[in-house]
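Engineer: Predicted structure and sequence below. I'll ask about it afterward.
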Amino acid sequence: MSDKNKFDYSHFTVKSVVDTKVPEVYKLWTTKAGLEKWFLRLAEFVKEDGSFRQPDEDIQEGDTYRWLWHGYPDNVVEHGKILELNGKNHLRFSFGKAGIVTVTIGVEENTTIVTLTQEDIPPVEESEINYHVECKTGWTFYLANMNSIVQGGVDLRNKNQKLNLD
């Protein structure tokens, strides 16, 4: 395959409808309690002074995090840093070794849309599957779960750590 026909695994974008207002979606992304509602088993945020953020406290640029998922043991952990926030509809964070994630929440045709872009995915062969394909699949699921939670409370996550769904 020639270089001009080679697929670019260094980034991807996923968009999803969320049936609520932009400020509510933003809060789901920018608080410990919000992230644990639809995405994570544990979302710990550490301020630059070393103290932990409270569940409903807004995260800030410079915070570091430790994330754990339902259905996975504690050794499946992600560490990163909050790089950018605007307080209303935009955030960026490092996503471990998998690059940088940017989330923008907007409105099109009276519908709230979350646009998530993961970029700076490392240019190594294992990244094509681990970071591009699996992350894109994961984000697609979790964004659908966010909308499911918002619309009626049905949580689609596997919370049984004894099940191996890999």
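Structural biologist: Good, I have the coordinates. All figures in this text were calculated on a predicted structure; none of them were measured in a lab. Numbers count the residues shown, from 1 in each chain.

Engineer: C-alpha only now, for contacts and for neighbours.
Structural biologist: Noted.

Engineer: Spatially central residue for this protein, please.
Structural biologist: With distances taken as Cα atoms, centre = their mean, the chain has residue 139 as the residue nearest its mean C-alpha position (6.4 Å).

Engineer: Okay, and that residue sits in which element?
Structural biologist: According to DSSP states H and E, residue 139 maps onto helix 134-152.

Engineer: just how off-centre is that helix within its chain?
Structural biologist: Taking Cα atoms, centre = their mean, to the nearest Å, the mean C-alpha location of helix 134-152 is offset from the chain mean by 9 Å.

Engineer: where does residue 97 land in three-state SS?
Structural biologist: The three-state label given to residue 97 by DSSP: H, G, I helix; E, B strand; the rest coil is helix.

Engineer: Just give me the neighbour total for it.
Structural biologist: Other residues near residue 97 come to 14 when the count uses other Cα atoms under 10 Å.

Engineer: for this structure, what spans make up the helices?
Structural biologist: Here the chain has its helices, by DSSP state H, at 22-30, 32-38, 125-127, 134-152.

Engineer: helices or strands next to the first one in the packing?
Structural biologist: The contact analysis (3 or more Cα pairs under 8 Å, 6 or more residues apart in numbering; DSSP states H and E) places helix 22-30 against helix 32-38, strand 100-108.

Engineer: Who are the packing partners of the first one?
Structural biologist: The one in question is helix 32-38. When contacts are defined as 3+ Cα pairs under 8 Å, 6+ apart, helix 32-38 packs onto helix 22-30, strand 42-46, helix 134-152.

Engineer: Residue 58 is nearest to which of these?
Structural biologist: Closest to residue 58 of the helices and strands packed on helix 32-38 is helix 22-30 (Cα to Cα; 5.7 Å).

Engineer: now stretch 12-24: how far from the chain's centre is it?
Structural biologist: Its chain's C-alpha centre and that of stretch 12-24 lie 12 Å apart, by Cα atoms, centre = their mean.

Engineer: what mean pLDDT would you report for that stretch?
Structural biologist: Mean pLDDT, computed over stretch 12-24, is 97.

Engineer: how about the helices and strands packed on helix 32-38, which one is nearest residue 102?
Structural biologist: Taking Cα to Cα, helix 22-30 is the member of the helices and strands packed on helix 32-38 nearest to residue 102, at 11.2 Å.

Engineer: Quick one: neighbours of the residue nearest to residue 142 when sequence neighbours are not counted, just the number.
Structural biologist: Using Cα to Cα, 6 or more residues apart in numbering and skipping the chain neighbours, the partner closest in space to residue 142 is residue 39 (6.0 Å). For residue 39, the tally of surrounding residues (other Cα under 10 Å) stands at 25.
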